[in-house]
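Participant: Following is a predicted model, sequence given first.
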Amino acid sequence: GAVVSQHPSRVICKSGTSVKIECRSLDFQATTMFWYRQFPKQSLMLMATSNEGSKATYEQGVEKDKFLINHASLTLSTLTVTSAHPEDSSFYICSASTGERPYTFGSGTRLTVV
Amino acid sequence: DAKTTQPPSMDCAEGRAANLPCNHSTISGNEYVYWYRQIHSQGPQYIIHGLKNNETNEMASLIITEDRKSSTLILPHATLRDTAVYYCIARYRDDKIIFGKGTRLHILP
């Protein structure tokens, strides 16, 4: 149980375009989801906390207009990287919680902006 | 959340027990110790967590010292598939997870 599905697993986009990444909790309802990014050989960095039905909370230094988060249902959160640039190329990972068990992570999305 | 300190890397021979230490000397009474691991290019995987008592599951054992200032994750019979970065995190149960640098475990054939 407690499976989190992330889609797509890989995406290549042109500079200036927007990319949407989906995070779904498959067998549980997640009131809270988290988004992380990870650069090569570095640890995961928390970007934002996504709460169902309310605005996301962003960590210091993360541009909320750049990384749009929508948590419209208890099983789906999306991260949209707007006007992507090569420096946005990274590994993006989501995590979800029921509040009663340890957080489960998605398998990640590798974004390459060319 | 309490800060944790882990060695940057460790080696372990295949088939032997891997013992990964973690120091969390500032942990508060209600903060749990969680362990996750990340295999290359995958999302983190939950391993085990505990508050005061030692814990064991199908993946690993967690030994927490009586004063709770440190803990050890034990993988009883390490295999090559256990090669990963292991993260020790001290946090309140419902808090967001902040990752440190972790320990890069190399399993040697």
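Facilitator: Cool, got the structure.
Participant: where does chain B have low pLDDT?
Facilitator: Within chain B, the stretches with pLDDT under 70 are B:1.
Participant: how about the strands of it, start to end?
Facilitator: Listed in chain order, the strands found in chain B under DSSP state E are B:9-13, B:18-23, B:32-38, B:45-50, B:55-56, B:61-64, B:70-75, B:84-91, B:103-108.
Participant: can you check chain A too?
Facilitator: Under DSSP E, chain A gives strands at A:4-7, A:10-13, A:19-25, A:32-38, A:45-51, A:57-58, A:67-73, A:76-81, A:90-97, A:104-105, A:109-113.
Participant: could these go into CSV alongside distance to B:T79, mean neighbour count and mean pLDDT?
Facilitator: Where you see a C-beta, it was placed from the backbone N, CA and C, and this is true even at glycine. Below are the strands of chain A laid out as CSV (distance: least, Cβ to Cβ, whole Å; neighbours: other Cβ atoms under 10 Å in any protein chain shown; pLDDT from 0 to 100):
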stretch, distance to B:T79, mean neighbour count, mean pLDDT
strand A:4-7, 25, 19, 95
strand A:10-13, 28, 14, 97
strand A:19-25, 30, 21, 96
strand A:32-38, 25, 24, 95
strand A:45-51, 30, 20, 93
strand A:57-58, 39, 17, 95
strand A:67-73, 38, 17, 92
strand A:76-81, 34, 22, 96
strand A:90-97, 24, 25, 94
strand A:104-105, 22, 24, 92
strand A:109-113, 26, 19, 98
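Participant: can you put these in TSV and add distance to chain B?
Facilitator: Converted to TSV, the strands of chain A look like this (distance: least, Cβ to the nearest Cβ, whole Å):
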stretch	distance to chain B
strand A:4-7	7
strand A:10-13	10
strand A:19-25	10
strand A:32-38	6
strand A:45-51	6
strand A:57-58	9
strand A:67-73	14
strand A:76-81	14
strand A:90-97	5
strand A:104-105	4
strand A:109-113	7
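Participant: can you tell which of these is closest to B:H24?
Facilitator: Ranking these by proximity to B:H24 (Cβ to Cβ) places strand A:45-51 first, at 18.9 Å.
Participant: Tell me the strands beside that closest one, with direction?
Facilitator: Next to strand A:45-51 in the sheet, as set by DSSP bridges, lie strand A:32-38 (antiparallel), strand A:57-58 (antiparallel).
Participant: what would those look like in a markdown table with distance to A:A2?
Facilitator: A markdown table is the format used below for the strands paired with strand A:45-51 (distance: least, Cβ to Cβ, whole Å):
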| stretch | distance to A:A2 |
| --- | --- |
| strand A:32-38 | 13 |
| strand A:57-58 | 23 |
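Participant: Out of the ones you listed, the one nearest B:P44 is which?
Facilitator: Among the strands paired with strand A:45-51, strand A:32-38 comes nearest to B:P44, with 8.8 Å by Cβ to Cβ.
Participant: before we move on, back to that, just send the strands of chain B back as TSV, with distance to A:T32 too.
Facilitator: Below are the strands of chain B laid out as TSV (distance: least, Cβ to Cβ, whole Å):
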stretch	distance to A:T32
strand B:9-13	33
strand B:18-23	25
strand B:32-38	16
strand B:45-50	16
strand B:55-56	24
strand B:61-64	25
strand B:70-75	26
strand B:84-91	14
strand B:103-108	27
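Participant: and of the ones you listed, who's closest to chain A?
Facilitator: The closest of the strands of chain B to chain A is strand B:45-50. By Cβ to the nearest Cβ, the value is 4.6 Å.
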